[in-house]
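Visitor: A predicted structure for the sequence below; I have some questions about it.
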Amino acid sequence: GLTLEKLKGSTAAWVDRDSVAGYLLPSAYLKTQGLEPSRAFVAQQFTGSYQGALEAVLEGRAQVTSVFCPPASTGLTFTTGVEDVLGRGMGAKFELLAYTDEAPNDGVPVAMGLPAPLVTALEAALLGLTATPDGQSLLRDIFNAERFEVAPRMGYRALYRVALASL
């Protein structure tokens, strides 16, 4: 039953001040909705993990938190993130308030000065991991991923806004 309008006077549990999905994007989203988190919430706590933030809500120490979830385009729901952290069936204990803009959950950064052919070769190797059983094993066991995707050129504008707002 919590809505953006009813957030004022509630308590938030966040992951960490540097967590993109666990604080930065939700905070930026609230600001775009006219809610300055430092004024809207009577208290904000940083728990250090998604589990801690979700448990704070379950235990009544907070009314709102944020969690990573797949983009709506995947057909999966926000409960996927909750259940990844707390276990199967726990997503039903939470209600979706809003989605923020999309952001990558992980990335493989490379140095700015790296020669373009080397970057292209690395990208091709990472994207090609799905083609072989050994590559699929590397994805699953080392990266905990099903595949890599190329970041959209000039994508994730929400991250740019968050970065600029923190300057």
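Guide: Cool, got the structure.

Visitor: mind showing which ranges of this structure have poor pLDDT?
Guide: Of all residues in the chain, those with pLDDT under 70 make up the ranges 1-2, 72-73, 105-106, 153-167.

Visitor: what degree of burial does residue 91 show, as a neighbour count?
Guide: 20 (other C-beta atoms under 10 Å). C-beta coordinates here come from the backbone N, C-alpha and C atoms, glycine included.

Visitor: mind listing what it touches?
Guide: Contacts for residue 91 (C-beta atoms under 8 Å, 6 or more residues apart in numbering) come out as 77-80, 82-83.

Visitor: one more time with 10 Å
Guide: Neighbouring residues of residue 91 by C-beta atoms under 10 Å, 6 or more residues apart in numbering: 67, 69, 77-85.

Visitor: can you list the domains in this structure?
Guide: 4-103, 105-151 (the TED database).

Visitor: next secondary structure after the longest helix belonging to the chain?
Guide: In the chain, with assignment by DSSP state H, the single longest helix is helix 116-127. Using DSSP states H and E, the helix or strand that follows helix 116-127 in sequence is helix 133-141.

Visitor: show me what that next one is packed up against.
Guide: helix 116-127 (3 or more C-beta pairs under 10 Å, 6 or more residues apart in numbering; DSSP states H and E).
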